[in-house]
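[1] Next comes the sequence, and after it the predicted model I'd like to discuss.
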Protein chains: 2
Amino acid sequence: MTEPVRAVVLLSGGLDSTTVLALAAAEGRETYALSFRYGQRHEVELASAARQATRFGARAHEVVDLAHLGRLVAAGTSLLRASSEAVPKDSEAAAGEIPSTYVPARNTLFLAYALGWAEVLGAGEIWVGVNAVDYSGYPDCRPQFLAAFERLAAEATRAGVEGKPLHVRAPLISWSKSQIIQAGRAAGVDYADTVSCYDPRVEDDLPRACGRCDSCRLRRDGFTAAGVPDPTRYV
Amino acid sequence: MTEPVRAVVLLSGGLDSTTVLALAAAEGRETYALSFRYGQRHEVELASAARQATRFGARAHEVVDLAHLGRLVAAGTSLLRASSEAVPKDSEAAAGEIPSTYVPARNTLFLAYALGWAEVLGAGEIWVGVNAVDYSGYPDCRPQFLAAFERLAAEATRAGVEGKPLHVRAPLISWSKSQIIQAGRAAGVDYADTVSCYDPRVEDDLPRACGRCDSCRLRRDGFTAAGVPDPTRYV
């Protein structure tokens, strides 16, 4: 019997990353779920991530705390504000207040942690839920970025240099929300139990979505387009 | 007058990274020093990093705590131990105990944080003290790795995609320890105040090196080869 391939799965607990976890499990991967804590609103999402990790039989679920990254961002922006004549006009930092949940070089950092864990585990794959349709504004959600990270990984670790490259799997990259939902349902995802909302509440021990934010809207439109009743619990 | 180029400098407080900071300052860069805390022994080194940041006029010095990474490594290794028949024979994890200071995918992670800070600051360069001569065993100290990270950075951020690529500067990459020491002295480094030892002590408020570890030996040989008296304070 062949050993299963180990896969680190970036898992926020939202619709996309839960679908990715389900797809990795359906392909027979031995999964290791990795989440990140940054900003307060994520606690509800992280609780969902933990439930999904259990549901899909992840061997482990680890949460990396990025609180210190907030300090880095704050230090950067306050330095820039202090010398505002020197602020580069076209950078994101110049566009005004940076929200507390903003993570610079976000997917580079997430993938770097995933690579580190993959190295320890001897995992051959990292699965990510990036989706070029929804996030076309983010450079680090494009196939070119993921390909560049794969090439980096091949140079970064002993396994890579010895010819056992790490593969970045991004099955959703060109799918519509409706396609994602259909694939996820086929792989056993219960979308009632995933959290996509930017401002979720917990009522009666269940996460509830606001139904009004961009993320809620995208998600609801996805269910409509998929011809599937929206199972989301709203406030 | 042209604005100075902003540069994030990875600074451990040791001989190599302090030299790099001095070289960046000598080239007129506006420097932002970035250190990482992982493992206990680093407190003496971090104190040295803070002094060097001040000495060479860094605009800021931030320390990112990687304590949570230790949990990731521990979780990985204990999982592997629990199913030892599944441990890949040729991975680093299989080589026995992993020291608490071991950072998997180390330079990928350090550079990812540096990239994030660079994005916030609008910095055009990251300076690193990697050196292919001393650390030939580490894939992520090779020029190929740094080139791959530059290509990743070009795809990872808005600035990169808009044709303002981030440059990774690694001036020490092919230098001998003796060359590093000579260049650093010319750039104003006081090596008595840098900490390279794996097991440093503090006595009379001054850091002191053990004089026996690999790092101390390499360093002492470097001063000998450079024809310079070793200014290191030993226990």
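    That came through fine. Residues are numbered from 1 along each chain as shown, chains lettered A, B, ... in the order given.

[2] List the buried residues in the lowest-mean-pLDDT helix or strand in chain A.
    The helix or strand of chain A with the poorest confidence is helix A:67-82; it has a mean of 75 (mean pLDDT, DSSP states H and E). Buried residues in helix A:67-82, counting neighbours by 16 or more other Cβ atoms under 10 Å in any protein chain shown, are found at A:His68, A:Leu69, A:Gly70, A:Leu72, A:Val73, A:Ala75, A:Gly76, A:Thr77, A:Leu79, A:Leu80. For the C-beta atoms, the positions are set from N, CA and C on the backbone; glycine is no exception.

[3] dump the residue contacts of the fourth one.
    Spelled out, it's A:Leu72. Taking Cβ atoms under 8 Å, 6 or more residues apart in numbering or on different chains, we find A:Leu72 in contact with B:Leu34, B:Glu62, B:Val64, B:Tyr113, B:Gly116, B:Trp117, B:Val120.

[4] Name the nearest residue to A:Ala105, sequence neighbours excluded.
    In space, A:Ala105 comes closest to B:Gly116 once its chain neighbours are excluded; the distance is 3.8 Å by Cβ to Cβ, 6 or more residues apart in numbering or on different chains.

[5] just how off-centre is the one helix or strand the one you found maps to within its chain?
    According to DSSP states H and E, B:Gly116 maps onto helix B:106-121. Put simply, helix B:106-121 sits 12 Å off its chain's centre (Cα atoms, centre = their mean, to the nearest Å).

[6] do stretch A:162-169 as well
    20 Å.

[7] quick one: contacts of that stretch?
    For stretch A:162-169, contacts defined as Cβ under 8 Å, 6+ apart pick out A:7, A:20, A:24, A:111, A:115, A:118, A:123-128, A:146, A:149-150, A:153-154, A:157, A:159-160, B:90.

[8] at 6 Å instead, please
    Here stretch A:162-169 makes contact (Cβ atoms under 6 Å, 6 or more residues apart in numbering or on different chains) with A:Ala118, A:Glu125, A:Ile126, A:Trp127, A:Leu146, A:Phe149, A:Glu150, A:Ala153, A:Ala154.

[9] Could you check how far the nearest residue to A:Ala26 once chain neighbours are set aside is from B:Val195?
    In space, and not counting its chain neighbours, A:Ala26 is closest to A:Ala187: 4.5 Å by Cβ to Cβ, 6+ apart. Going from A:Ala187 to B:Val195 by Cβ to Cβ, to the nearest Å gives 52 Å.

[10] if you count what's nearby, which of those two comes out ahead?
    Taking other Cβ atoms under 10 Å in any protein chain shown, A:Ala187 and B:Val195 do not tie; B:Val195 has more neighbours (28 against 18).

[11] Could you tell me which residues make contact with that one?
    Contacts of B:Val195 (Cβ under 6 Å, 6+ apart): B:Gly13, B:Val44, B:Glu45, B:Ser48, B:Pro207.

[12] Quick check: the residue nearest to A:Ala105 touching A:Pro104?
    Yes. Counting by Cβ atoms under 6 Å, B:Gly116 touches A:Pro104, with 3.8 Å between them.

[13] thinking A:Gly222 is in contact with A:Ser178, fair?
    Yes. Contact criterion Cβ under 6 Å: A:Gly222 and A:Ser178 qualify, at 5.3 Å.
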